[in-house]
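> Give the three-dimensional model of this entry:
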Amino acid sequence: MNSLSLKELNSTIKKALSDKLSPSYWVVAEISELRINSTGHCYLELVEKQGPQVIAKSKATIWANTYTNLSIWFEKMTGSQLKSGMKILCNAAVQYHEVYGMSLNIRDIDASFTIGEKAANRQKTINQLDEEGVLLMNKELSMEVILQNIAIISSPTAAGYGDFIDQLNNNSYGYHFDTDLFESIMQGNTSAQSIVDSLLKIHESDKDYNAVVIIRGGGSQIDLDSYDTYELAAHIAQFPIPIITGIGHERDESVADIVAHQALKTPTAVAEFIIDRSAVYENGIVESYQLINVAAKQSLNTHKQDLLQLGGSLTLASKSMILAKSHTFDSLTSQLIQGTKYLLRNQHLSLDALENSLKILSPENVLKRGYSMTSIQGKLINKKTKLKKGELLVTETLEHIIHSTITEQSSKS
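Okay, here's the model as predicted:
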């Protein structure tokens, strides 16, 4: 019986593959493992999955001289490094070694495929959230006007976190805000789960937070894919407290930005948003006080003039009556005193009624009776106010602050 040594068999396989296969193939696969050794060679394990099940697997290499240029170009095109979990379209040559077996030598990677794959996965996440009816849940929450107690999800060493705290604590109005940091990993493969863990801690906390702020700061756009994941987006969308994002990037908004109650570009922009809400509220209170004060002074001045005129009239009448009928002086004096007391008592009653009316017309009591107050840029609307399409209206009821935008207006004829 003829026999072959193992080396002879493997050499035969190597020659057969070399004779029958093309120099290279374009292959779609997912990177399940990736490591770079000290010499700069990149070693990968490529897989194909059917659901959670791996149905194909192969070792692959990118030699150092190719990997150096290829990785830089790929990162520049896609904004992300090659990493585990990424699906790629690569040009690979099939190689067979008598000792190490079969592997693929990757010569090129199509970055446009990865870009398209990322966009497709992002849209898939958005569609899934929409189908589940949770896409806009956090946006539909009512956000309090003054955000006094704030939970922050960030890294304590992030520059963005430092900028946010500095902006908030050193605001020009002297407002004070209570903040609690929930330390999290803000980029990389584990960032999504880290942020979700922090959200769960906030939810389990016994503190009544007005808002949750997720801030990352500026810098590289690499490793921001986690903000497009379904897991993180679903938790943000369904969180029972309004969430504000300030991830610090200028690219298209992430899915996390889309589902958050408010999305801003930078941590400092988030701080300014929080400060401005308090300033608008304070300005509204001050303006209401000034209007009430002016109305009260005008009313008191009017009644003061009435009293002076009445006093003058009474004096003239008294003198005339004394000259004409001196014999009835005592009787008239008594009547005058009683009449004066009566008139003064009536005027006091009028002033009391006016004071009660002012109290009834105070903003708080007006709201308690079911009415509302609407303002533009912190100023109450009156008949002289000019309304413009697109302007932001703030309507205050007893229990709600409602923000709306003018889309159409018409005048009463």
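
> which stretches of the protein have low pLDDT?
218-223, 249-252, 317-336, 339-340, 344, 350-351, 353-354, 356-362, 366, 413 (pLDDT under 70).

> which residue ranges form the strands in it?
With strands called from DSSP state E, the chain shows them at 25-36, 42-50, 53-62, 87-97, 101-109, 149-154, 178-183, 211-215, 243-246, 262-264, 373-376, 379-380, 392-396, 401-405.

> Leu6 and Glu98: what is the separation?
8 Å (Cβ to Cβ, to the nearest Å). Any C-beta I mention is one placed from the backbone N, CA and C, and that applies to glycine too.

> The two: which has the busier surroundings?
Glu98 (13 against 8; other Cβ atoms under 10 Å).

> Leaving out sequence neighbours, find the closest residue to that one.
Excluding its sequence neighbours, the residue lying closest to Glu98 (Cβ to Cβ, 6 or more residues apart in numbering) is Asn10, at 4.1 Å.

> Give me the number of neighbouring residues for that neighbour.
Using other Cβ under 10 Å: Asn10 sits among 16 other residues.

> swap in Ala158?
20.

> my guess is it meets Gly217, correct?
Yes - the criterion here is Cβ atoms under 8 Å, and Ala158 meets it with Gly217 at 4.6 Å.

> so what sits against both of those two?
Met186 (Cβ atoms under 8 Å, 6 or more residues apart in numbering).

> Confirm for me that Asn37 is in contact with Leu44.
No - using Cβ under 8 Å, Asn37 makes no contact with Leu44, being 12.0 Å away.

> More neighbours: the two, which one.
The neighbour count for Asn37 versus Leu44, taken as other Cβ under 10 Å, is higher for Leu44 (24 against 9).

> who's in contact with the residue lying closest to the more buried one once chain neighbours are set aside?
Excluding its sequence neighbours, the residue lying closest to Leu44 (Cβ to Cβ, 6+ apart) is Ala60, at 4.4 Å. Ala60 sits next to 43-46, 90, 92, 103-106 when contact means Cβ under 8 Å, 6+ apart.

> Now list the buried members of the residues you listed.
44-46, 90, 92, 103-104, 106 (16 or more other Cβ atoms under 10 Å).

> In JSON lines: those residues, plus distance to Gly378.
Shown next, in JSON lines, are the buried ones among the contacts of Ala60 (distance: Cβ to Cβ, whole Å):
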{"residue": "Leu44", "distance to Gly378": "59"}
{"residue": "Glu45", "distance to Gly378": "60"}
{"residue": "Leu46", "distance to Gly378": "60"}
{"residue": "Cys90", "distance to Gly378": "58"}
{"residue": "Ala92", "distance to Gly378": "63"}
{"residue": "Ser103", "distance to Gly378": "68"}
{"residue": "Leu104", "distance to Gly378": "65"}
{"residue": "Ile106", "distance to Gly378": "61"}
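
> re the thing from before, roughly how far apart are the residue nearest to Glu98 and Asn91?
Note on Asn10: its distance to Asn91, by Cβ to Cβ, is 25 Å.

> try Ala296
In terms of Cβ to Cβ, Ala296 sits 83 Å off from Asn91.
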